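*Asks:* generate coordinates for the sequence data below:
(chains A, B and C)
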Amino acid sequence: MKSRTAYLTFDTQERHAYVNITPQVREVVQESGVKEGIVLVNAMHISASVFINDDEGGLHQDFQRWLEGLAPYSPESYLHNRTGEDNADAHLKRQVMGREVTVAITNGKLDFGPWEQIFYGEFDGRRPKRVLVKVIGE
Amino acid sequence: MKSRTAYLTFDTQERHAYVNITPQVREVVQESGVKEGIVLVNAMHISASVFINDDEGGLHQDFQRWLEGLAPYSPESYLHNRTGEDNADAHLKRQVMGREVTVAITNGKLDFGPWEQIFYGEFDGRRPKRVLVKVIGE
Amino acid sequence: MKSRTAYLTFDTQERHAYVNITPQVREVVQESGVKEGIVLVNAMHISASVFINDDEGGLHQDFQRWLEGLAPYSPESYLHNRTGEDNADAHLKRQVMGREVTVAITNGKLDFGPWEQIFYGEFDGRRPKRVLVKVIGE
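*Replies:* Got it, this is the predicted structure:
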């Protein structure tokens, strides 16, 4: 079994951001030499997400507006924010969008449908945060 | 390490549908010859889902009504639909239900609890869409 | 390839509970002898969740209040409850929080960010329910 581990760092200028990280994941898969296997990609921070969806800016604005409706920023509403944080909403938004994706590797490539792209979803940015990429296979 | 890759195609008659795909996944696992490992099952389209829950028709109607409340069809409300699509709601619904599941294989079988069944969740159907099944293990 | 399978059982006193299961998962990983690989941790019941977030009691109360808003207990509102159950809401809550997590193992350890902890999320407790831990790697 082969494996490869890589860490990507993101420091978004805005509190909320969606970053297409497919090229970086593809590069790690290529470097791994794995032909058949899987790649796990996960946020290492609990107020951020890794998910797969469409690379379309309008949709990303829809996501943000929708998540704000489901889990508003509203810092005074959350018990978590009594710890001195103001990011409880980011912990909730990340549960909707998910922590991680696992993608099949077939013939050395990400085995994707026509529109699948991997995104880093940031809900409490403006500081460096990491994403883990782990390849296993043969 | 052994691996096996299969693609399942679904073309639902309705816009929304829940299809139990456990038998097809079980067959791929059996064909793989893997005794200890995992199977990844994911939608290859970004307006559909693969998830694990109960095979009970009332619950599936509850899911649909609930998702419609969380992310209504309402095509004029979404920026994504300015691209000419009318399926922004399907992209959102799929985030709630999830893109993929990973299931343990133990002694050559899906290692499931008593009620676990794998479903394809379609939120923008009436056209052929694919699901990927990837087995790795030994 | 090495693998190891373990089953954890939880019987919470309350209907809703969040249990930090990181120590138990860490122990299974250590026993597996796997240095590079992944561990899958999933609820085996469809009204419970395994997820990764912060070990902070205020946040867990926020989760519970938020989930109750998104998918209220309200047993008369759901078709699923016509089967004699009263837990349709638990099936919905678990979709938001997720069934499973996959965690990378690097140098024999859970490859975690600074605040990541694994939780069992119970939405219909007061009876014994199981969690599966599956390690694969080398």
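*Asks:* in the sheet, who's paired with the most centrally placed residue in chain A?
*Replies:* Geometric centre of chain A, nearest residue: A:V50, 1.7 Å, by Cα atoms, centre = their mean. Residues in a beta bridge with A:V50, per DSSP bridges, are A:Y120.
*Asks:* measure it to A:R94 for me?
*Replies:* Noted for A:V50: a distance of 10 Å to A:R94, by Cβ to Cβ, to the nearest Å. (Glycine included, C-beta is placed from N, CA and C.)
*Asks:* what sits in contact with each of the two?
*Replies:* Residues touching both A:V50 and A:R94 (Cβ atoms under 8 Å, 6 or more residues apart in numbering or on different chains) are A:43, A:121.
*Asks:* picking that back up, tell me the contacts of the residue nearest to the centre of chain A?
*Replies:* Each residue near A:V50 by Cβ under 8 Å, 6+ apart is listed here: A:21, A:41-43, A:98-101, A:118-121, A:131.
*Asks:* just the buried subset of the residues you listed, please.
*Replies:* A:21, A:41-43, A:98-101, A:118-121, A:131 (16 or more other Cβ atoms under 10 Å in any protein chain shown).
*Asks:* in TSV: the residues you listed, plus secondary structure.
*Replies:* As requested, the buried ones among the contacts of A:V50 are exported to TSV (DSSP: H, G, I helix; E, B strand; the rest coil):
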residue	secondary structure
A:I21	coil
A:V41	strand
A:N42	strand
A:A43	strand
A:G98	coil
A:R99	coil
A:E100	strand
A:V101	strand
A:I118	strand
A:F119	strand
A:Y120	strand
A:G121	strand
A:V131	strand
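*Asks:* and the residue of chain A found nearest chain B, how far is that from C:D54?
*Replies:* For chain A and chain B, the shortest gap (Cβ to the nearest Cβ) falls at A:G113, measuring 3.0 Å. Between A:G113 and C:D54 the computed distance is 33 Å (Cβ to Cβ).
*Asks:* tell me the bridge partners for the closest residue to A:V34 other than its chain neighbours.
*Replies:* Among residues not flanking A:V34 along the chain, A:G137 sits closest, at 3.8 Å (Cβ to Cβ, 6 or more residues apart in numbering or on different chains). Beta bridges link A:G137 to A:K2, A:G37 when assigned by DSSP bridges.
*Asks:* who touches the residue of chain A found nearest chain C in this structure?
*Replies:* With Cβ to the nearest Cβ, the shortest gap between chain A and chain C falls at A:M44, namely 2.9 Å. Neighbouring residues of A:M44 by Cβ under 8 Å, 6+ apart: A:7, A:129-132, C:112-114, C:116.
*Asks:* at 7 Å what do you get?
*Replies:* Counting by Cβ atoms under 7 Å, 6 or more residues apart in numbering or on different chains, A:M44 touches A:130-132, C:113, C:116.
*Asks:* over to A:I46?
*Replies:* A:91, A:94, C:52-54, C:115-116.
*Asks:* of those residues - the most surrounded one?
*Replies:* A:R94 (28 neighbours; other Cβ atoms under 10 Å in any protein chain shown).
*Asks:* and it, which of the three is it?
*Replies:* Under the three-state scheme (three-state DSSP), A:R94 adopts helix.
*Asks:* for it, which non-adjacent residue is closest in space?
*Replies:* A:S49 (4.7 Å).
*Asks:* A:N42 too?
*Replies:* What sits nearest to A:N42 in space, not counting adjacent residues and going by Cβ to Cβ, 6+ apart, is A:E100, at 3.5 Å.
*Asks:* wait, A:G58 sits on B:E85?
*Replies:* No: when contacts are counted by Cβ atoms under 7 Å, A:G58 is not listed as touching B:E85 (9.3 Å).
*Asks:* buried residues in the top helix by length along chain A?
*Replies:* In chain A, with assignment by DSSP state H, the single longest helix is helix A:57-70. Within helix A:57-70, the residues that count as buried by 16+ other Cβ under 10 Å are A:58-60, A:62-64, A:66-67, A:70.
*Asks:* dump those residues to JSON lines, plus distance to A:L79 and pLDDT.
*Replies:* Output for those, formatted as JSON lines (distance: Cβ to Cβ, whole Å; pLDDT from 0 to 100):
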{"residue": "A:G58", "distance to A:L79": "35", "pLDDT": "97"}
{"residue": "A:L59", "distance to A:L79": "32", "pLDDT": "97"}
{"residue": "A:H60", "distance to A:L79": "30", "pLDDT": "98"}
{"residue": "A:D62", "distance to A:L79": "29", "pLDDT": "98"}
{"residue": "A:F63", "distance to A:L79": "26", "pLDDT": "98"}
{"residue": "A:Q64", "distance to A:L79": "24", "pLDDT": "98"}
{"residue": "A:W66", "distance to A:L79": "24", "pLDDT": "98"}
{"residue": "A:L67", "distance to A:L79": "20", "pLDDT": "98"}
{"residue": "A:L70", "distance to A:L79": "18", "pLDDT": "98"}
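*Asks:* identify, from these, the entry nearest to B:G37.
*Replies:* A:F63 (33.8 Å; Cβ to Cβ).
*Asks:* which positions in chain A make contact with chain C?
*Replies:* A:1, A:3, A:5, A:40, A:44-46, A:71, A:78-80, A:82-83, A:88, A:91-92, A:95-96, A:98-100, A:102, A:130, A:132, A:134, A:136 (Cβ under 7 Å from any Cβ of the partner chain).
*Asks:* specify the angle between the helix or strand where A:V135 lies and strand C:129-137 in degrees.
*Replies:* Counting by DSSP states H and E, the element that carries A:V135 is strand A:129-137. Angle, strand A:129-137 to strand C:129-137, by axes from the mean of the first three to the mean of the last three Cα atoms, to 10 degrees: 70 degrees.
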